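Peer 1: Quick one, structure for this:
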Amino acid sequence: MLTWHAAPARNMIMKKLLPFTLSQVQKWVNTYPTPFYVYDERGIRNICRRLKKAFSWLDFKQYYAVKALPNPSILQILKDEGLGADCSSLAELYLAEMAGISGQDIMYTSNNTLDEEFQKAHQMGAIINLDDISHIEPLERVVGIPEILSFRFNPGKLREGNSIIGKPEEAKYGLTKDQLFKAYQIMQQKGVKRFGIHTMIASNELDPDYFVKTAEMLFDLVIELKQKLGISCEIVNIGGGVGIPYKPEQDEVDLEYMGNEIQKLYQQKVIQAGLQPFTLAMECGRLITGPYGYLVTRAIRHKNTYKNYVGVDACMANLMRPGMYGAYHHISVLGKEQTALDHVYDITGGLCENNDKFAIDRALPQISDGDILVIHDAGAHGHAMGFNYNGKLRSAEFLLRENSELQMIRRGETLDDHFATLKF
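Peer 2: Numbering: from 1, shown residues only. Here you go, the predicted model:
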């Protein structure tokens, strides 16, 4: 469980405790240039165990969404905890392989899939999850008929997406119900005997009942597939999208409640229908690493014009969620956690883009040049979404081990790295 504390009443704010102290970070920044990422191993391991325990009533598999934090050192920790990998590109397959994840511990879900991606996924023994009925022909041409195959279902108007993903019928992913049944029938006739089913219709959703309803939708679909086509699905993947409380006033998703409610549905529907037991799967990324990643940066400039700005040495190239989505990320000023939030700032980076801001009109303690700021909940879709616009270099990544040792798991880029592909 996350540990929470209340700051003094004058701050009127709550947020989980940092896994490191000011003195630790001061030692780190004296050795390594900011900005950099720090990931908390203990927190990552604990959430893995908690999720597995919530679904311990049946065979359960969590495929970590590699795109959220594509680093093999992280994937090795997740493998230790019994997690598999949800991959969507050739590079992600190779990263899983580096971490020792292979076979049916990988679910490969992509779209506009290249031939070489099908080849690598098949070579590794991954469960291939087709995004469209038109992918059957290239899959068969490239690798033949696999032993086990899954399809991605898009429910269209049958279900509402959430505000991030939008309406399922407007999403580019997945098969309609009619296409789904036709695709299963085609592959059944081609000799496939083992099947899975998958959907993904929400992102960063905090309502646990949303996932209970998604499970119910797939359970009904699995029963119908059995009744109409005689197909028994071995893997039922209800997708990821479990959100995290980015804002201090938000509550985390009650995984135990979600597991209990889905168990009730499983007993009422799947067992009553006489279906064979199957593996229930999820592909959470944000839930597993999001709250346990931190972007460490320094305040380097102040500017007071129509607004008060604090410039930091990180920028949107390090963490693009606030600039791209207007997403909230909590910010701590180390050493000033108990100080009144009596200043209002925009926290900005140095890109030549006006949306290069980590916070807008944020109440914070007074910030001085040289202060260390920590941006919370950056462990998913943070470093992974980085870029090199304006020649900004990708930052280093560190793993805070359970014994408090700081381990570099990716060095920062250099100008030589940035220019290495130029032919001049």
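Peer 1: so residue 212 is in which element?
Peer 2: Using DSSP states H and E, residue 212 sits within helix 208-229.
Peer 1: Same check on residue 197?
Peer 2: With DSSP H and E as the test, residue 197 turns up in strand 194-198.
Peer 1: Identify each buried residue in whatever helix or strand comes next after the helix holding residue 212, please.
Peer 2: For helix 208-229, the following helix or strand on the C-terminal side (DSSP H and E) is strand 233-237. For strand 233-237, the neighbour count (16 or more other Cβ atoms under 10 Å) marks 233-237 as buried. All C-beta atoms are positioned from the backbone trio N, CA, C, and that covers glycine.
Peer 1: could you check the angle strand 194-198 makes with strand 233-237?
Peer 2: Strand 233-237 runs at 20 degrees relative to strand 194-198, counting by axes from the mean of the first three to the mean of the last three Cα atoms, to 10 degrees.
Peer 1: List the contacts of strand 233-237.
Peer 2: Residues outside strand 233-237 that contact it (Cβ atoms under 8 Å, 6 or more residues apart in numbering) are 61, 63, 107, 127, 129, 148, 150, 194-199, 215, 218-219, 222, 225-226, 278-283.
Peer 1: swap in stretch 259-273?
Peer 2: Against stretch 259-273 from outside (Cβ under 8 Å, 6+ apart): 54-55, 57-58, 208-209, 211-212, 215-216, 219-220, 222-223, 226, 278, 280.
Peer 1: ok, the closest residue to residue 212 other than its chain neighbours - how many residues close by?
Peer 2: Spatial nearest neighbour of residue 212, excluding adjacent residues (Cβ to Cβ, 6 or more residues apart in numbering): residue 261 at 4.4 Å. Residues lying near residue 261 (other Cβ atoms under 10 Å) number 18.
Peer 1: before we move on, the earlier item: give the pairing partners of the strand holding residue 197; include direction for each.
Peer 2: strand 148-152 (parallel), strand 233-237 (parallel) (DSSP bridges).
Peer 1: Make TSV out of these and add mean pLDDT and distance to residue 186.
Peer 2: Shown next, in TSV, are the strands paired with strand 194-198 (pLDDT from 0 to 100; distance: least, Cβ to Cβ, whole Å):
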stretch	mean pLDDT	distance to residue 186
strand 148-152	97	10
strand 233-237	98	16
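Peer 1: To residue 28, which of those strands lies closest?
Peer 2: strand 233-237 (38.7 Å; Cβ to Cβ).
Peer 1: tell me the angle that closest one makes with helix 208-229.
Peer 2: Going by the same axes, to 10 degrees, strand 233-237 makes 160 degrees with helix 208-229.
Peer 1: now strand 233-237, how far from the chain's geometric center?
Peer 2: 21 Å (Cα atoms, centre = their mean, to the nearest Å).
Peer 1: same question, stretch 300-315
Peer 2: 30 Å.
Peer 1: Contacts for that stretch, please.
Peer 2: Contacts of stretch 300-315 (Cβ under 8 Å, 6+ apart): 34-35, 295, 297-299, 343-351, 356, 358, 361, 367, 369-370, 373, 375, 392, 395.
Peer 1: where in this structure is pLDDT low?
Peer 2: Applying pLDDT under 70 to the chain flags the ranges 1-15, 157-172.
Peer 1: Settle this for me: residue 85 is touching residue 108, isn't it.
Peer 2: No - the pair residue 85 / residue 108 is not scored as a contact, 9.0 Å apart, by Cβ atoms under 8 Å.
Peer 1: okay, and the common contacts of those two?
Peer 2: Joint contacts of residue 85 and residue 108 (Cβ under 8 Å, 6+ apart) do not exist.
Peer 1: Check the burial of the closest residue to residue 345 other than its chain neighbours by counting its neighbours.
Peer 2: With Cβ to Cβ, 6+ apart as the criterion, residue 345 has its nearest non-adjacent residue at 4.8 Å, and that residue is residue 310. Counted with other Cβ under 10 Å, residues neighbouring residue 310 total 26.
Peer 1: what bridges to residue 310?
Peer 2: Here residue 310, judged by DSSP bridges, has bridge partners residue 302, residue 347.
Peer 1: re the thing from before, hey, what's the angle from the helix or strand hosting the residue nearest to residue 212 to helix 208-229? Just curious.
Peer 2: Using DSSP H and E, residue 261 sits within helix 255-265. On the basis of the same axes, to 10 degrees, helix 255-265 is oriented at 30 degrees to helix 208-229.
Peer 1: how about helix 255-265: buried residues?
Peer 2: For helix 255-265, the neighbour count (16+ other Cβ under 10 Å) marks 255, 258-259, 261-263, 265 as buried.
Peer 1: Can you tell me which of those residues lies closest to residue 135?
Peer 2: residue 262 (29.1 Å).
Peer 1: give me the element residue 30 is part of.
Peer 2: Counting by DSSP H and E, residue 30 is part of helix 22-31.
Peer 1: What helices and strands are in contact with that helix?
Peer 2: If contacts are counted by 3 or more Cβ pairs under 8 Å, 6 or more residues apart in numbering; DSSP states H and E, helix 22-31 sits against strand 293-304, strand 372-375.
Peer 1: of all those strands, which lies closest to residue 103?
Peer 2: Of the helices and strands packed on helix 22-31, nearest to residue 103 by Cβ to Cβ is strand 293-304, at 28.1 Å.
Peer 1: quick check: angle from the closest one to helix 22-31?
Peer 2: Using the same axes, to 10 degrees: strand 293-304 against helix 22-31 is 80 degrees.
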